[in-house]
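> Generate coordinates for the sequence data below:
(chains A and B)
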Amino acid sequence: MSTREIFDGRLEAALLLLPTIIVSVVFLYYPTALAVRTSFFDSGFGRQDEFVGFENYTTLLTSSDYHSSILLSVLFAAIVVVGVISFSLYVTFLIHEVEYGQTAYLLSVIWPYALPPAVGALVFLFMLHPTLGVVTGPIEALGIDLNWFSNGSQAFVVVALAAIWKQIGYNVIFMIASMNTIPDALTETARLDGVSRFRRLVSVYVPIMTPTLFFLVIINTIYAFFSTFALVDLLTSGGPSGATNILIFDLYQEGFSFFNFGIASTKSVILFLVVGILMYVQFRVTDKYSYYGG
Amino acid sequence: MDGVIQYTKRRIDAVIGRTPEQTDQGSNAGIHLQLWVLVFLVVFPIAVALIVSTKQQGIVTSLGDLAPGTYALENYREAIVDYNFGRFMWNSLVMSTVVVAGKLVISVCAAMAIVYYRVPYKDLVFLFILFTLLLPVPVRFIPLYQLINDFGWGNSLLAITVPYLASATAVFILRQHFLSIPTSIVETAKLDGVGPIQFMVYVLIPMSKGVLVGVSIIMFVYAWNQYLWPLVIINSEANQVAQVGLQLLQGDVQGGQLSWSLVMAGSMLTLIPPLVLMIIFRKPLLETFTIQQK
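As a prediction, the model looks like this:
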C-alpha cells in the first residue's frame, strides 16, 4: 500500500493540489459560507443589508407556502424515486434475461442519460400539449380531460413523468452492472428449484442488489430535488398556482424574481441541510450493507 | 412432501443432464415483446421530436400525423442560421470543452498527489475535496451570482467554466483507478529514477486511458446539460448556451406563434453531441461508472 507513495516533495504535492483547492475554496466553500452569512440578514437589491438573526428562518418555518413547497418536493421525490427504480429494475431484468439483442435493448434504454433536461421538457410540452399534443387525443379518448396548464395535479404528474423518463438511463447503467455480477450458479439453482421468473427477481436478485439500489435511491432523491429545475421551469414555471413549485424552483424565484437574497440564502442553507442528510444516510447505509458484497 | 420429491427429481434431472421442465423457458418471445413495449415508451417521445423536426409547421395533433416530413434541411438551417442556434451550440461546445479539459488536468494532478506522494494531511485534503459533493450548484448559485459579478465575470465564458473546474467526482474516480494500478509497476518506475512529470506522462496517463475517456464523457454530459447556472449568469443572446437558447427558440410558442418544428430541430441539435459521445464511448463510460460506485 505505502509502496505507491514514491514521491515526497511537499512543495510538488502542494502545487499539484493547489488548483483544485483554490477553485473549491473560492467557488464552492466561500459562496456556501456567504449563503450562511446572508441567511441572517435582510438583503436585496437597492437596500442596506440588515442583520436580523434567525428571523428569516422563523419566517420560513412558519410560512404555509414554504411548508407546502417542502411537502410537494418530498412527494415529488418519492414518486420519481419509486417510478424510476421500478421501471428501470424491471427493464434491466428483462434485458438480463434475453439471450440475444442485449446491446441493442441496453442502448435504447440508457440513452436518456445523455438527454438534456431542457430538451426532455420541451418534448413533453409538445407531446402532451393540452390542445396540440400528439398523445393528447388518445389520452382524452380514455375519458381523461387533459388540462395540465390549469389543473395542478395533472401538471405535477406531467413533470414527474418527464423526470422519471430522463433518469431511466442512469439507473439502468448501474443496475445492469450490478445484476451482471450475480453468479450464474445462483440463477441456475433458482431455476432448478422452480422459482418463477418474477419471484427470482424479487426474492433473489433484489436482495443481492441492495447496495446498488440504496445508492440509486439517494442519487435519484438528490436528482429529484435539484436536477429537475429545467423541467419545472420550462413545463410549468412552478404553476398552476404553485402545484409544481418544488424547493429548487421556489429558491430560484425568491432570488431572481423577487430579489430577496436574505430569504433566498436561508432557503439555500435549508437545501444544503437536505443534501447533507441524504448523503449522510447514503454513507451510513452503504457502509452497513457493503458487508454482503455483491 | 410433494415439494421435496419434485425438488429431488429436478436435481436428478440436472445432474444427469436431462432438461428439466423449466418454469420460464419458452416464454422468451414474451420477454422480447415486453422489452419492445418498454423500449417503445422510452424512445417514443424523442422519435416524435425527430419526426416533428422534419415537418413544415410541426402541427401534429394526432398519431396519424406522425409521418416524416420533407422540411428537415430547411428547419435545421433556419434554426441554426436565422434563430442563432449555431451560435448557442458553439458556446455550449466551447464551455463544455474548456470544463472537460480543465477538470481533467487539475483532477489528474490532485489525484496523483493524493495517491503517489508521501506527505502529511493528504487524507484531510482528500476529504476536503470530497466534501464539495455536498455543495451542488443549487445550494450556492445565489451567492455565486453575486461573487461572479463582483469579479466582473458576469455574462462571460469565465463565469460558466471556472466555477466548474474543481471536481470531487473526477478526483474520486481517478484516485480509485490509480489505487488499482499494480504497485510493481510503480516501484519499477521508482527504481528507474523516473521524476513526477515523466511518471505522469509515461506511466500514469497511458495506464488510465479508458478511465480518462470515461470521466471526460461524464463531465461533458454534465457540462453540456447545465441549465440553471447559464440561465442566471448569462444575459446576452450572443453568449448564451444551447440549453437556455432552446427557451429563446421556444419564444411565445405557448401562444401558438412559433413553429414547433423549429423548437424540435433545436432540441435534436442539443441532444446530438452528448448522445453521440455516449454511444461511441459507451464501453469506457460504463466501466468508469462501475468505479464511481465503489
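> Just checking stretch A:74-91 against chain B, any contact.
Yes - remark: stretch A:74-91 sits within contact range of chain B at A:87, A:90-91, by C-beta under 8 Å from any C-beta of the partner chain. Where you see a C-beta, it was placed from the backbone N, CA and C, and this is true even at glycine.
> where's A:Phe93 relative to chain B, distance?
9 Å (C-beta to the nearest C-beta, to the nearest Å).
> For chain A, which segments count as strands?
Remark: strands assigned in chain A by DSSP state E are A:41-44, A:47-51.
> I should have written chain B there, sorry.
Counting by DSSP E, one finds no strands in chain B.
> Poorly predicted segments of it, please.
Where chain B drops to pLDDT under 70, the residues are B:1-26, B:58-62, B:251-258, B:293-294.
> So in it, which helix runs the longest?
helix B:85-116 (DSSP state H).
> Enumerate the positions of that one that are buried.
By neighbour count on 16 or more other C-beta atoms under 10 Å in any protein chain shown, the buried set for helix B:85-116 is B:85-89, B:91-92, B:95-96, B:98-100, B:102-104, B:106-116.
> so where's chain A shaky on pLDDT?
A:1-2, A:286-294.
> Domain parsing of it, as residue ranges.
A:2-38, A:64-292 (automatic domain parsing).
> Give me the spatial nearest neighbour of A:Lys267, chain neighbours excluded.
A:Leu251 (4.5 Å; C-beta to C-beta, 6 or more residues apart in numbering or on different chains).
> can I assume that neighbour is in contact with A:Val269?
No - taking C-beta atoms under 8 Å as the definition, A:Leu251 is not a contact partner of A:Val269, at 10.5 Å.
> Looking at the two, which is more packed in?
Applying other C-beta atoms under 10 Å in any protein chain shown to A:Leu251 and A:Val269 shows that A:Leu251 carries more neighbours, namely 25 against 20.
> residue contacts, that one?
A:264, A:267-268, A:271, B:138, B:142 (C-beta atoms under 8 Å, 6 or more residues apart in numbering or on different chains).
> which one among the residues you listed gets closest to B:Glu237?
B:Ile142 (23.6 Å; C-beta to C-beta).
> Now do the contacts for the closest residue in space to the closest one that isn't next to it in sequence.
In space, B:Ile142 comes closest to A:Gly255 once its chain neighbours are excluded; the distance is 4.5 Å by C-beta to C-beta, 6+ apart. Counting by C-beta under 8 Å, 6+ apart, A:Gly255 touches A:261, A:264, B:141-142, B:145.
> which one of the residues you listed is nearest B:Pro182?
B:Phe141 (42.9 Å).
> most tightly surrounded among the strands of chain A?
Neighbour counts (mean count of other C-beta atoms under 10 Å in any protein chain shown) averaged over each of the strands of chain A peak at strand A:41-44, with a mean of 19.
> quick check, that strand touching chain B?
No - Strand A:41-44 stays clear of chain B (C-beta under 8 Å from any C-beta), getting no nearer than 9.6 Å.
> and that strand, what other elements does it pack with?
strand A:47-51, helix A:55-61, helix A:261-289 (3 or more C-beta pairs under 8 Å, 6 or more residues apart in numbering or on different chains; DSSP states H and E).
> Show me the contact partners of it.
Residues contacting strand A:41-44 (C-beta under 8 Å, 6+ apart): A:49-52, A:55-56, A:259-262, A:265.
> give me that answer again for 10 Å
Contacts to strand A:41-44, defined as C-beta atoms under 10 Å, 6 or more residues apart in numbering or on different chains, come from residues A:37, A:48-53, A:55-56, A:255, A:258-266, B:142, B:146.
> Mark which of these are buried, thanks.
Buried residues within the contacts of strand A:41-44, counting neighbours by 16+ other C-beta under 10 Å: A:52, A:55-56, A:255, A:260-266, B:142, B:146.
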